[in-house]
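**Q** Pasting a predicted model and its sequence here:
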Amino acid sequence: MLFSSIPFLYYFLPVTVLLYWAVPKRAKNASLLLCSLFFYGWGEPKYLLLMALTILWGYLSGLLLERKPTKWAMLLSAAAPIAALLYFKYTDFFLGMFSLPLQHIALPIGISFYTFQILSYLADVYRKDAKAQKNFINFAAYVSLFPQLVAGPIVRYQTIADELDSRSVSQEDVIYGIQRFLIGLGKKVLIANVLGELTAAYRAAVEPSVLFAWLYAVAYAMQIYFDFSGYSDMAIGLGRVFGFHFLENFNYPFLSASATEFWRRWHMSLGTWFRDYVYIPLGGSRCSRIKWLRNILVVWALTGFWHGAAWNFILWGLLFAALLLMEKYVKLPKGISHVYLLLVVIFSFVLFGASDLRQFGADFAALLGLRGLPAASTESLYYLRSFAVPLLVGILGSTPLPKQLAGKLENKLPVPAWNILRTTALLILLVLCTAYLADGSFNPFLYFRF
Amino acid sequence: MKKKFNPVLLIAVLWLAVSVFCWLKPAQEISDSERRKLDQFPKLTFSSAMNGGFMEKFESASTDQFPLREGLRKLKAAFSTDVYLQLDNHDIISYEGSLEKLNGPVSETSLQKAQDKLQSLHTKLFPDSKVYFAIVPEKGYYIPESAGYPLTDYAEILKLELPFAEKIDLSGTLTLDSYYLTDSHWRQETITETAAQLAAAMGVTLSADYTAETVKEDFLGVYAGQSGQPVRAESITILRNDILDGCTVYNHETGRTNGLYDLEALGNRDPYDVYLSGAVPLLDIENPNATTDKELVVFRDSFGSSIIPLLCEAYRHVTVVDIRYIQSIALPNFVDFHGQDVLLLYSTGVLNNSTMLR
């Protein structure tokens, strides 16, 4: 079930919220668990058992690691969820490498996210950074929590450990949650999905051209950003409605002036996960130069591989490794560095979005004008005119300008006026998003490979 | 101190109210504007829940059955064209007030299949007939390239030839004004010259003496509903004269006999059905007052519905076949091919999607 869908917005969510508010405090996690399992089962009924077994394994392993925090116990505990992830996500990739017949195993949605959450929990208990969760319902609710189950952010156990045991929801939490959710929904439905139509049009182009390739590249980078950050906003907003405070996942990544900074602002929950559970345990930067180089390459290859079982994702990760290493030695002037970062990110998402390396080669050659394509075509000029405003909205929306403008209005206006203005704007957002969804407009799900 | 109520919470109340409305609202059968059946909520069974079929159908039904969906579709269309300044909504563009669909590229495979299909009809059904072939250009053909729309290359489709048939070029007799603003079809009152040209090429003459009668004032064509954009309603006009009024049309599907114009069909989802009752596999038209003794078989699509009545004037008997709705292999059971003239009349759209020809 997509957050940006009529069944979620008008059937599942209201019932879930009402149920959550209706049950007594001690049953709130159980109600969340029940609803989360229903949410997951809606899309993947056959994989509910897999998730249940993974949860049970994580729960028992946590208790074991608290009693016997040995390296072997940690490795054994982590082995099962990693094995499940490897089997479901990467079997065909490895079989393909050796030209063996593929198994065409369906990927359980969200497996990368909930596996990483369990691994972080186990590592934290092993390192005594967190206490093992004794209450099975609480642990199961943490792993399966529907707001962040299918598209993140990766919520680490420590972040919400206290709130799992006891939390309260204030009026401010609900208001913030509604606002944040609707902003995320707007990002997804009104920007990402609309730009998705442009990227789909490029793939079906009759008259490819250099202009169309650039339109695609810019639109795809925007689509990914607004889709992903929109989902994170919705998750953070939903979490708040249920009393959880999830950490931020995006911080205006396109403002960055280097790839290093970009990854501090982009999918931060994944970046910090790899830093804390892979990079630092491998030795981080406090080791020999060769080992440090190895650590960087391992972390970024894994980061790419996490996004999808294909070579273009691995290369995408390694591209950032190369850029990060280069940036240790080469410092660009301020103005140029921003242009460099934007170009790098746009090119990198062309690699990310390609179905395979051959398609990436064709896209990349088109961008550089190496395919003998015309500079522009009737088709590309049409799409430029037709998507100019959504692209502009995307570009402005990826900067802090809207937030700053809202902040200024909030400061200038009397509180009642600001509240009415804010309510009106959010209501318009909800109605518009509903209109797009009820119309059956383009609404892709980008996380099927995660 | 008691906290003040924040109006943002009203959104939650409204949200909940719409949700209750969703649960309680009776399901609708049909979307009139989109001219399609709406998806219905599925029955829950163990197997449909386990294989995901229930969820898939529920998702499409809940979208189709959403309260006030018609208004929301219009709002979406208005936002997309007036705020986002997008040039199409659901691939429908508006050029000088005329709606047209972006139909995608020319399919060489489809053109080849159409050619093969029509060739096989000729070989199997009417090898001894004089055969004529005319292609109806869709209105996108008359939208100038300078308007900048990525329209289908209709000129490419119009080049299609059939070696066994005499080709009649209709493109010079039509303009953009020959078509409804909100529909894909041509207007009968604007195609008398086209009909006359077809007739002349087939060796007959039409009187060109008609009385125009407007039978519907509030016609909204197929593109109006699909685009969701606010458009003005149009009129449907039929052309009559004594000869045409004397014709009888036998519908093999319903077993009913009617006139050339089915006025009851004006109440259908597609009022264009007024012409020869719309999408019908097989019709036999008798004209006791025909100006010749000739007979004609027309293989046609929906564009034929409004032009065939005009051609009837010159033929004693006209058989109208739509092989989108009847297998051509079954035709000998219903049609006696005995050397009548044959007209193959297809629009560029059907030739470019010829898998629908059975």
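**A** Arrived safely. As the structure is a computational prediction, the values presented were derived from the model and not from experiment. Numbers count the residues shown, from 1 in each chain, chains lettered A, B, ... in the order given.
**Q** Going by C-alpha atoms from here, please, whenever you check contacts or count neighbours.
**A** Fine.
**Q** check which helix or strand covers B:Leu239.
**A** Using DSSP states H and E, B:Leu239 maps to strand B:234-240.
**Q** Quick one: list the elements packing against that strand.
**A** strand B:211-219 (3 or more Cα pairs under 8 Å, 6 or more residues apart in numbering or on different chains; DSSP states H and E).
**Q** Get me the contact residues on the stretch 101-250 of chain B for chain A.
**A** By the rule Cα under 8 Å from any Cα of the partner chain, the part of the stretch 101-250 of chain B lying against chain A is B:Pro105, B:Gly148, B:Tyr149, B:Pro150.
**Q** Would you mark the buried spots in stretch B:313-333?
**A** Across stretch B:313-333, burial judged by 16 or more other Cα atoms under 10 Å in any protein chain shown covers B:313-324, B:328, B:331.
**Q** What pLDDT is listed against B:Ala208?
**A** pLDDT, B:Ala208: 83.
**Q** An error on my part: the question was meant for B:Asn51.
**A** 87.
**Q** sorry, back to before: roughly how far is the strand holding B:Leu239 from the heart of the chain?
**A** 16 Å (Cα atoms, centre = their mean, to the nearest Å).
**Q** got the buried residues for it?
**A** Using 16+ other Cα under 10 Å as the test for burial, strand B:234-240 gives B:Glu234, B:Ile236, B:Thr237, B:Ile238, B:Leu239, B:Arg240.
**Q** Can you tell me the closest non-neighbouring residue to the second one?
**A** Put plainly, it is B:Ile236. Nearest residue to B:Ile236, sequence neighbours excluded (Cα to Cα, 6 or more residues apart in numbering or on different chains): B:Lys216, at 5.0 Å.
**Q** List the contacts of the one you found.
**A** Neighbouring residues of B:Lys216 by Cα atoms under 8 Å, 6 or more residues apart in numbering or on different chains: B:Ser235, B:Ile236, B:Thr237, B:Leu266.
**Q** what's the spacing between the first one and A:Gly239?
**A** Applying Cα to Cα, to the nearest Å, the value for B:Ser235 to A:Gly239 is 55 Å.
**Q** quick revisit: nearest to B:Met50 among the buried residues of stretch B:313-333?
**A** B:Met50 lies nearest to B:Arg324 out of these, by Cα to Cα, at 37.2 Å.
**Q** residue contacts, the residue of the stretch 251-358 of chain B at minimum distance from chain A?
**A** Proximity of the stretch 251-358 of chain B to chain A (Cα to the nearest Cα) peaks at B:Asn352, 15.1 Å away. Applying Cα under 8 Å, 6+ apart to B:Asn352 gives the contacts B:Val106, B:Ser107, B:Glu108, B:Ser110, B:Leu111, B:Ile157.
**Q** Among these, name the ones in helices.
**A** Of those, the ones assigned to helices by DSSP state H are B:Glu108, B:Ser110, B:Leu111, B:Ile157.
**Q** about what we covered before: how many residues are close by the spatially closest residue to the residue of the stretch 251-358 of chain B closest to chain A that is not a sequence neighbour?
**A** Ranked by Cα to Cα, 6+ apart and with sequence neighbours excluded, the top spatial neighbour of B:Asn352 is B:Ser110, at 5.4 Å. By the criterion of other Cα atoms under 10 Å in any protein chain shown, B:Ser110 has 17 neighbours.
**Q** Can you tell me how far B:Ser110 is from B:Lys117?
**A** B:Ser110 sits 10 Å away from B:Lys117, going by Cα to Cα.
**Q** name the element the closest residue to chain B within the stretch 51-200 of chain A belongs to?
**A** The minimum distance from the stretch 51-200 of chain A to chain B, using Cα to the nearest Cα, falls at A:Ile175 (6.2 Å). Assigned by DSSP H and E, A:Ile175 falls within helix A:171-186.
**Q** any idea how far that helix is from the chain center?
**A** Distance of helix A:171-186 from the chain centroid (Cα atoms, centre = their mean) equals 18 Å.
**Q** C-terminal to it, what's the next element?
**A** In N-to-C order, the element after helix A:171-186 by DSSP H and E is helix A:193-203.
**Q** Check which helices and strands that next one is in contact with.
**A** Applying 3+ Cα pairs under 8 Å, 6+ apart, one finds that helix A:193-203 makes contact with helix A:210-241, helix A:378-397.
**Q** quick one: which of the ones you listed is nearest chain B?
**A** That would be helix A:378-397 among these, by Cα to the nearest Cα, at 4.3 Å.
**Q** mind saving the C-alpha coords of that closest one as PDB?
**A** Taking Å, rounded to 0.1, in the frame of the first residue of the first chain, the C-alpha atoms of helix A:378-397 are listed here in PDB:
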ATOM      1  CA  THR A 378       9.700  19.000 -31.600                       C
ATOM      2  CA  GLU A 379       9.100  16.400 -28.900                       C
ATOM      3  CA  SER A 380      11.700  17.600 -26.500                       C
ATOM      4  CA  LEU A 381      10.700  21.300 -26.900                       C
ATOM      5  CA  TYR A 382       7.100  20.300 -26.300                       C
ATOM      6  CA  TYR A 383       8.100  18.500 -23.000                       C
ATOM      7  CA  LEU A 384      10.300  21.500 -22.000                       C
ATOM      8  CA  ARG A 385       7.300  23.800 -22.400                       C
ATOM      9  CA  SER A 386       4.900  21.400 -20.700                       C
ATOM     10  CA  PHE A 387       7.100  20.700 -17.700                       C
ATOM     11  CA  ALA A 388       8.900  24.100 -17.300                       C
ATOM     12  CA  VAL A 389       6.700  25.100 -14.300                       C
ATOM     13  CA  PRO A 390       6.900  21.700 -12.500                       C
ATOM     14  CA  LEU A 391      10.600  21.700 -13.000                       C
ATOM     15  CA  LEU A 392      10.900  25.300 -11.600                       C
ATOM     16  CA  VAL A 393       8.700  24.300  -8.700                       C
ATOM     17  CA  GLY A 394      11.000  21.400  -8.100                       C
ATOM     18  CA  ILE A 395      14.100  23.500  -8.200                       C
ATOM     19  CA  LEU A 396      12.700  26.100  -5.800                       C
ATOM     20  CA  GLY A 397      11.200  23.400  -3.600                       C
END
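**Q** Name the nearest residue to A:Gln103, sequence neighbours excluded.
**A** Nearest non-adjacent residue to A:Gln103, counting by Cα to Cα, 6+ apart: A:Asp92, 6.1 Å away.
**Q** and what of B:Ala212?
**A** Per Cα to Cα, 6+ apart, closest to B:Ala212 is B:Leu239, 4.7 Å.
**Q** State the pLDDT value of A:Phe445.
**A** 66.
**Q** secondary structure element for the most centrally placed residue in chain B?
**A** Centrality entry for chain B: nearest residue to the mean C-alpha point is B:Ser302, 5.4 Å, by Cα atoms, centre = their mean. Here B:Ser302 sits in a region with no helix or strand, counting by DSSP H and E.
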